[in-house]
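Asker: generate coordinates for the sequence data below:
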Amino acid sequence: MTPPGHPEEGSRATPAGPAPLRGNDTSRPRILRVAGPLVEIVCPASVAMHDLVVLGSARLPGEVVAIHGETATVQAYEYTGGLAPGHAAEPRGHPLSVRLAPDLLGGVYDGLLRPLVGAGDLLTASEPSAAPEPRNWAFTPQVADGTRVTAGDVLGEIGASVPLRLLVPSGHSGEVTRVAAAGEYSVDAVLAVVGGHEVRMAQSWPVRRARPVAERLPADLPLNTGQRAVDLLFPVARGSTVAVPGGFGTGKTMLLQQIAKWCDADVIVYVGCGERGNEMADVIEELAELTDPRTGGSLADRTVTIANTSNMPMMAREASVHTGATVAEYFRDMGLDVVLIADSTSRWAEALREFASRMGELPAEEGYPAGLASQLAAFYERAAAVRTLGGTTGSVTVIGAVSPPGGDRTEPVTAHTERFVRCLWSLDRDLAYARHYPAVSWAESFSRDAAALATAHARAGEPEWAGRRSRVALLLAEADRLADLVELVGITALPSRERISVLAGRLLREALIQQNALSPADAYSAPEKTAALVEAVLTVIDRCLELVDSGAQADAVEAVDFTPLLRAREAAGPAETAPVTAARDTVLARLEETA
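Answerer: Take a look at the predicted model:
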């Protein structure tokens, strides 16, 4: 944590610090009372809400959350054992801020963006001596001395796994009086001087303040996730928002991991907010093992992982989602598309509830603070497709998991979140227990981005996308409607056409919507493969309906072996269409035998 304008300081304070105050020295800030993570300090100097304060000789970080005269209440982000009344407190005079630099890519950090090191079951914030060796980054200047620039203008290119840029910091403009020559530099090296201000790769920014943009743009370009249930039925636009509610065991973390691995964003910011340590370890390990299809390197090289697991300080959990949003906006300002994944916002809300209880705030529904809805809205509001200060376009797409207790969708966090998001991928317990992955419920999910994305697909030469999506949704709804009736009277009691509707639902679920996350061929589905599968399944369904309409027996149609079609999704590679077409033709030939 560093004050804005001082990127040369690290994000973690040094262990050395002032000793406890002695005697009756009341002119300096000091600790009055320690109650868990809440610390009361007497502070003769003026402090402001959300200012950073370091506590005691260990210099534990904290944030001002209440002020009463010369007494301030500080929320500590570390275990406060060892702090005692009379120990020193040092207000830093600036809000809680994090250090932003290209070397965030590929790293694992805690909720305050401090590097995490270690192995086994524990990840701990690194001491300076344990921090990784500094890395030099290739820099290529794009301006010359004497050029006049404004905030957001590009000063140079930075060599990395994704195209990074050195920008003129917000609030600064003027003449470039010096720019470094092409070469390799550390993130703290001065690369340019603009209007008397030194510009480095590293900078600092308050986590609770959104970074400025020139304009918010309509979110009308699709974010391809590689998950057919999402891309086809409930698509999300770049710069939009998604909630993923689901009870225990419904596959939230697995779905979010798949999106982190396969979506076509430039940078992934994965925030593990209060989740199990073993799940976060799996995410980190798999990202390091996966090959990035864009660069051929490790997928982790363009991922920033923020891990505030359930065994880490709970109060840092509250800051972790703001930290993740700040990191995402930092890369967005370079003209990149960023996906911010928060797993899960329910654990974040629980931290807000515990903090509000300790502060003595009047509880609202189920003990959550009265401001829960506004805090959720403020978080999702940081998602946007924007025109940056430099004139380029970038986006931050926020995907937040929600863990309703007992799967109760009416509980406050889920209910409020559904009000603020553009897309809802609701996970169904029955589908999960039937081993249907991903368990996205087509009856309880929605996408408010679908209409805008239909126009985008039409512009891209795929005008039939909207029609196929509507047809699949109608067939699934009709199959669900008939399912209860089949349980009561049996399939043979239905008219032939309705029996084919039940068959159509099964074909769509097993041949198209279902996806095997452990299969190299099926874990990711490129848009062309998804389109081929949709076309193949709908063509077969249409032929089945034509046959029964022309007098064929429904029993004969149902007895056809549809196995080639059901296996086509795994027989074809991630972007292959020929095996899908061959499977369709094989099944159509078998259907002709029943005519």
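Asker: now for the closest residue to residue 536 other than its chain neighbours: which residues touch it?
Answerer: Leaving aside its sequence neighbours, residue 536 sits nearest to residue 584 (C-beta to C-beta, 6 or more residues apart in numbering; 3.8 Å). (C-beta placed from N, C-alpha, C; glycine too.) Counting by C-beta atoms under 8 Å, 6 or more residues apart in numbering, residue 584 touches 535, 536, 539, 540, 565, 568.
Asker: same thing but at 10 Å, please
Answerer: 511, 532-533, 535-540, 543, 564-565, 568 (C-beta atoms under 10 Å, 6 or more residues apart in numbering).
Asker: okay, those in a markdown table with pLDDT and secondary structure next?
Answerer: As requested, the contacts of residue 584 are exported to a markdown table (pLDDT from 0 to 100; DSSP: H, G, I helix; E, B strand; the rest coil):
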| residue | pLDDT | secondary structure |
| --- | --- | --- |
| 511 | 97 | helix |
| 532 | 97 | helix |
| 533 | 97 | helix |
| 535 | 97 | helix |
| 536 | 97 | helix |
| 537 | 98 | helix |
| 538 | 97 | helix |
| 539 | 97 | helix |
| 540 | 97 | helix |
| 543 | 96 | helix |
| 564 | 97 | helix |
| 565 | 97 | helix |
| 568 | 97 | helix |
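Asker: give the ChimeraX command for selecting the buried subset of those.
Answerer: Selection of buried members from these for ChimeraX, criterion 16 or more other C-beta atoms under 10 Å:
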select :511,532,533,535,536,537,538,539,540,543,564,565,568
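Asker: for residue 421, state which of the contacts of residue 584 is nearest.
Answerer: For the contacts of residue 584, the minimum distance to residue 421 (C-beta to C-beta) is 27.5 Å, reached by residue 533.
Asker: and the closest one, how far from residue 579?
Answerer: 10 Å (C-beta to C-beta, to the nearest Å).
Asker: let me know the secondary structure of the residue nearest the centre of the chain.
Answerer: For the chain, residue 341 is the residue whose C-alpha lies nearest the centre (C-alpha atoms, centre = their mean; 1.4 Å). Following DSSP: H, G, I helix; E, B strand; the rest coil, the label given to residue 341 is strand.
Asker: does it really touch residue 268, like I thought?
Answerer: Yes. Between residue 341 and residue 268 a contact is recorded at 7.0 Å, counting by C-beta atoms under 10 Å.
Asker: which neighbours do those two share?
Answerer: Common neighbours of residue 341 and residue 268 (C-beta under 10 Å, 6+ apart) are 259, 260, 303, 305, 328.
Asker: same list, those, but as TSV with distance to residue 187, neighbour count and secondary structure please.
Answerer: Converted to TSV, the shared contacts of residue 341 and residue 268 look like this (distance: C-beta to C-beta, whole Å; neighbours: other C-beta atoms under 10 Å; DSSP: H, G, I helix; E, B strand; the rest coil):
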residue	distance to residue 187	neighbour count	secondary structure
259	29	26	helix
260	25	24	helix
303	18	28	strand
305	19	23	strand
328	19	29	helix
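Asker: least confident of the residues you listed?
Answerer: Across the shared contacts of residue 341 and residue 268, the member with the lowest pLDDT is residue 260, scoring 88.
Asker: so what's that one up against?
Answerer: 225, 268-270, 283, 286-287, 290, 299, 303, 305, 339, 341, 343, 399.
Asker: same check, this time on residue 479
Answerer: 442, 486, 498, 501, 502, 503, 504, 505, 506, 507, 508, 509.
Asker: quick one: mean pLDDT over the helix or strand hosting it.
Answerer: Following DSSP states H and E, the helix or strand that holds residue 479 is helix 465-489. Averaged over helix 465-489, pLDDT sits at 94.
Asker: taking helix 465-489 as reference, get the angle to whatever helix or strand comes next after it.
Answerer: Using DSSP H and E, the helix or strand that follows helix 465-489 in sequence is helix 496-508. Orientation of helix 496-508 against helix 465-489 (axes from the mean of the first three to the mean of the last three C-alpha atoms, to 10 degrees) gives an angle of 120 degrees.
Asker: same question for helix 496-508: list its buried residues.
Answerer: Buried, per 16+ other C-beta under 10 Å, within helix 496-508: 496, 498, 499, 500, 501, 502, 503, 504, 505, 507, 508.
Asker: out of these, who's nearest residue 389?
Answerer: Closest to residue 389, out of all of the buried residues of helix 496-508 and judged by C-beta to C-beta, is residue 508, at 46.0 Å.
Asker: picking that back up, so which of the contacts of residue 260 is the most crowded?
Answerer: Among the contacts of residue 260, residue 341 has the most neighbours (other C-beta atoms under 10 Å), with 30 neighbours.
Asker: how far away is that one from residue 370?
Answerer: 28 Å.
Asker: residue 405: how many residues sit nearby?
Answerer: 12.
Asker: same check, this time on residue 103
Answerer: 19.
Asker: doesn't it belong to a helix?
Answerer: Yes. Counting by three-state DSSP, residue 103 is part of a helix.
Asker: give me the pLDDT for it.
Answerer: Reported pLDDT for residue 103: 92.
Asker: so who does it touch?
Answerer: Residue 103 sits in contact with 115, 132, 134, 135, 136, 137, 160, 186, 187, 201, 202, where contact means C-beta under 10 Å, 6+ apart.
Asker: ok, 8 Å please
Answerer: 134, 135, 137, 187.
Asker: from the buried residues of helix 496-508, which is closest to residue 221?
Answerer: Nearest to residue 221 among the buried residues of helix 496-508, with distances taken as C-beta to C-beta, is residue 508, at 26.8 Å.
Asker: for the closest residue to residue 524 other than its chain neighbours, which three-state class applies?
Answerer: Leaving aside its sequence neighbours, residue 524 sits nearest to residue 226 (C-beta to C-beta, 6+ apart; 3.9 Å). Following three-state DSSP, we place residue 226 in the coil state.
Asker: surely residue 226 and residue 258 touch.
Answerer: Yes. Here residue 226 reaches residue 258: they are 7.2 Å apart, a contact under C-beta atoms under 8 Å.
Asker: overlap in contacts, these two.
Answerer: Contacts common to residue 226 and residue 258, judged by C-beta under 8 Å, 6+ apart, are residue 523.
Asker: tally of neighbours for residue 368?
Answerer: Neighbours around residue 368, by other C-beta under 10 Å: 21.
Asker: please read the previous query as pertaining to residue 177.
Answerer: 14.
Asker: how close does it get to residue 195?
Answerer: With C-beta to C-beta as the criterion, residue 177 and residue 195 are 8 Å apart.
Asker: can you check residue 348 too?
Answerer: Residue 348 is 39 Å from residue 195, by C-beta to C-beta.
Asker: look at these two and report which has more neighbours.
Answerer: Per other C-beta under 10 Å, whichever of residue 348 and residue 195 has more neighbours is residue 348, with 26 against 15.
Asker: check contacts around that one.
Answerer: Per C-beta under 8 Å, 6+ apart, neighbours of residue 348: 273, 274, 317, 318, 320, 321, 342.
Asker: out of the residues you listed, which one sits closest to residue 38?
Answerer: residue 318 (12.8 Å).
Asker: what's near enough to touch the closest one?
Answerer: 75, 348, 351, 352, 355.
Asker: so which of those wins on neighbours?
Answerer: residue 348 (26 neighbours).
Asker: if I look at that one, what pLDDT would I see?
Answerer: In this prediction residue 348 is given a pLDDT of 93.
Asker: in what helix or strand does it lie?
Answerer: Assigned by DSSP H and E, residue 348 falls in helix 345-358.
Asker: what's the burial count for the closest residue to residue 134 other than its chain neighbours?
Answerer: Counting by C-beta to C-beta, 6+ apart, residue 134 lies nearest to residue 186, which is 5.4 Å off, once chain neighbours are set aside. By the criterion of other C-beta under 10 Å, residue 186 has 14 neighbours.
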